[in-house]
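Student: Based on what follows, work out the 3D shape:
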Amino acid sequence: MADNKSLIKKMQDRTILVLGDLILDHYIWGEVKRISPEAPVPIVKVEREEFRPGGAANTCANIVSLGARAILCGILGDDEAGRQSLAKYTEQGIDTSAIIKDSDRPTIQKTRIIAKTQQLVRVDREKSEPYPSETAGQILRILEEKLPEADAVIISDYGKGIVSRSILNRLIPLALNRKKIITVDPKPENLLHYKKVTSLTPNHFEASQSVHLPCGTDEETEKTGLKILKKLNAPSLLITRGEKGMTLFTREKITHIPTQAQEVFDVTGAGDTVISVFTLALAAKAGFLQAARIANAAAGIVVGKIGAAQVTVSELNSIL
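Tutor: Next up, the predicted model:
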């Protein structure tokens, strides 16, 4: 426990550069008492609305919630949702100097309608095709400028277009040559493009889809994880497995880590918490197993909250 608390204190001195898709999460909270006479759907009486940073911004929100510095690199639309997003980032203490605006695409929004603790429907507003080469070049120039300030890089890939092959081909060698930790929360279709990164944190569905193997039992997860690790030639891999916890793969061993979640209300954004805490711990010189255990504890906290949420230093110290 003393070692963990000392590590958490060191994590607060670190800076993480986060590249990824920026999403504005819109929550509509209400109550359901009857079914609509127009169609067999519930009528939600709206009680309140809330906007939160989503996507890669939620990863940054988790970083700053633990007292560390987060530099967010991504693209917002030149629209009201984009301006609202920037205001939220600034309010939370996220460094927005690496964000660019694109007048040709709207800011991605996800609207979730929730009755008490039950999500009823999600409405997405987005365009997710790849960005033009000029935009990718602009992102690369910003990343090269910001990289010296960072102790580690997180790639938060939501499959919305910003994480492209051209950016990865430049960013990963650049970060590794500068001996930066580089971790990835991948989409299955891109997972095998992340060769030699420090670690990846796919969930069991993403891991399974990336190599077309089942990932349910411990034995299946071990076989799938070892195949991914071999293909990527990476030092480690952390597969999150919901109620089964996590499985950490290194070149030396495989470790199954049981969940610490007491109650599960919402898994939205739990992957953001895992990669942010895991990366911060590695940047503070933790080993892979200690970093994974702390990330597992953090995930156990946030799934007990509604919506994309963050963990605080006091909560993490308390559960550890």
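Student: For Ile99, give me phi and psi.
Tutor: When read as degrees, to the nearest 10, the backbone of Ile99 gives phi -90, psi 140.
Student: Surely it is in contact with Ile75?
Tutor: Yes - at 7.3 Å, Ile99 counts as touching Ile75 under the criterion of CB atoms under 8 Å. C-beta coordinates here come from the backbone N, C-alpha and C atoms, glycine included.
Student: what is in contact with the two at once?
Tutor: The contact sets of Ile99 and Ile75 overlap at Leu22 (CB atoms under 8 Å, 6 or more residues apart in numbering).
Student: Now do the same for the residue of the chain positioned farthest from its centre: its pLDDT.
Tutor: Relative to the C-alpha centroid of the chain, counting by CA atoms, centre = their mean, Pro37 is the outermost residue, at 40.1 Å. With respect to pLDDT, Pro37 scores 96.
Student: With the one 5 residues further on instead?
Tutor: With respect to pLDDT, Pro42 scores 95.
Student: quick one: what helix or strand has the residue nearest to it when sequence neighbours are not counted in it?
Tutor: Excluding the flanking residues, the one nearest Pro42 by CB to CB, 6 or more residues apart in numbering is Val32, at 4.3 Å. Applying DSSP states H and E as the criterion places Val32 in strand 22-35.
Student: Using neighbour counts, pick out the buried residues of that strand.
Tutor: For strand 22-35, a neighbour-count test (16 or more other CB atoms under 10 Å) marks Leu22, Ile23, Leu24, Asp25, His26, Tyr27, Ile28, Trp29, Gly30 as buried.
Student: what do you get for stretch 73-82?
Tutor: Quick answer for stretch 73-82 (16+ other CB under 10 Å): Cys73, Gly74, Ile75, Leu76, Gly77, Asp79, Ala81, Gly82.
Student: can you list the residues that contact it?
Tutor: Residues from elsewhere that reach stretch 73-82 (CB under 8 Å, 6+ apart): 17-22, 24, 55-57, 85-86, 98-103, 105-107, 109, 131, 135, 139, 142-143, 146, 162.
Student: Please convert the buried members of the residues you listed into ChimeraX selection syntax.
Tutor: Provided next is the ChimeraX selection string for whichever of the contacts of stretch 73-82 are buried by 16+ other CB under 10 Å:
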select :17,18,19,20,21,22,24,55,56,57,85,86,98,99,102,105,106,107,109,131,135,139,142,143,146,162
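Student: ok, now which ones touch Ser36?
Tutor: Contacts for Ser36 (CB under 8 Å, 6+ apart) come out as Pro42, Ile43.
Student: Tell me how far it lies from Ile114.
Tutor: For Ser36, the distance to Ile114 equals 17 Å [CB to CB, to the nearest Å].
Student: just Gly287 next, same as before
Tutor: Remark: distance between Gly287 and Ile114 (CB to CB) = 39 Å.
Student: quick one, which of these two is more surrounded?
Tutor: With neighbours defined as other CB atoms under 10 Å, Gly287 and Ile114 compare such that Ile114 has more, 19 against 12.
Student: That one reaches Val32, doesn't it?
Tutor: No - contact criterion CB under 8 Å: Ile114 and Val32 do not qualify, at 10.1 Å.
Student: Between the two, which contacts overlap?
Tutor: With CB under 8 Å, 6+ apart as the test, Ile114 and Val32 both reach Leu120.
Student: Please enumerate the helices of the stretch 1-150 of the chain.
Tutor: For the stretch 1-150 of the chain, applying DSSP state H, counting those that start in this stretch gives helices covering 2-11, 56-65, 80-92, 133-146.
Student: Can you tell me which of those helices is most buried?
Tutor: Here the criterion is mean neighbour count by mean count of other CB atoms under 10 Å, and of the helices of the stretch 1-150 of the chain the winner is helix 56-65, at a mean of 28.
Student: helices and strands around that helix, which ones?
Tutor: For helix 56-65, the packing partners by 3 or more CB pairs under 8 Å, 6 or more residues apart in numbering; DSSP states H and E come out as strand 15-20, strand 22-35, strand 42-55, strand 69-77, helix 80-92, strand 152-156, helix 270-283.
Student: elements contacting the next helix or strand after the shortest one?
Tutor: Counting by DSSP H and E, the element after strand 152-156 in chain order, helix or strand, is helix 165-177. In this structure, helix 165-177 packs against helix 133-146, strand 152-156, strand 181-185, with contacts taken as 3+ CB pairs under 8 Å, 6+ apart.
Student: make it 6 Å
Tutor: With contacts taken as 3 or more CB pairs under 6 Å, 6 or more residues apart in numbering; DSSP states H and E, helix 165-177 sits against helix 133-146.
Student: Any idea how far the helix it packs on is from the middle of the chain?
Tutor: Chain-centre distance of helix 133-146: 21 Å, with CA atoms, centre = their mean, to the nearest Å.
Student: Next: stretch 209-223.
Tutor: Relative to the chain's own centre, stretch 209-223 is displaced by 22 Å; criterion: CA atoms, centre = their mean.
Student: Export only the CA atoms of it, formatted as PDB.
Tutor: Output of stretch 209-223 as PDB, limited to C-alpha atoms (Å, rounded to 0.1, in the frame of the first residue of the first chain):
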ATOM      1  CA  GLN A 209     -11.800  -9.400 -33.400                       C
ATOM      2  CA  SER A 210      -8.300  -8.400 -34.200                       C
ATOM      3  CA  VAL A 211      -6.900 -11.900 -34.500                       C
ATOM      4  CA  HIS A 212     -10.200 -13.800 -35.100                       C
ATOM      5  CA  LEU A 213      -9.900 -16.000 -31.900                       C
ATOM      6  CA  PRO A 214     -12.300 -16.400 -29.000                       C
ATOM      7  CA  CYS A 215     -11.400 -14.500 -25.800                       C
ATOM      8  CA  GLY A 216     -13.900 -15.800 -23.200                       C
ATOM      9  CA  THR A 217     -12.200 -18.200 -20.800                       C
ATOM     10  CA  ASP A 218      -8.700 -17.700 -19.300                       C
ATOM     11  CA  GLU A 219      -7.300 -20.300 -21.700                       C
ATOM     12  CA  GLU A 220      -8.800 -18.600 -24.700                       C
ATOM     13  CA  THR A 221      -7.600 -15.200 -23.500                       C
ATOM     14  CA  GLU A 222      -4.100 -16.500 -23.100                       C
ATOM     15  CA  LYS A 223      -4.000 -17.900 -26.600                       C
END
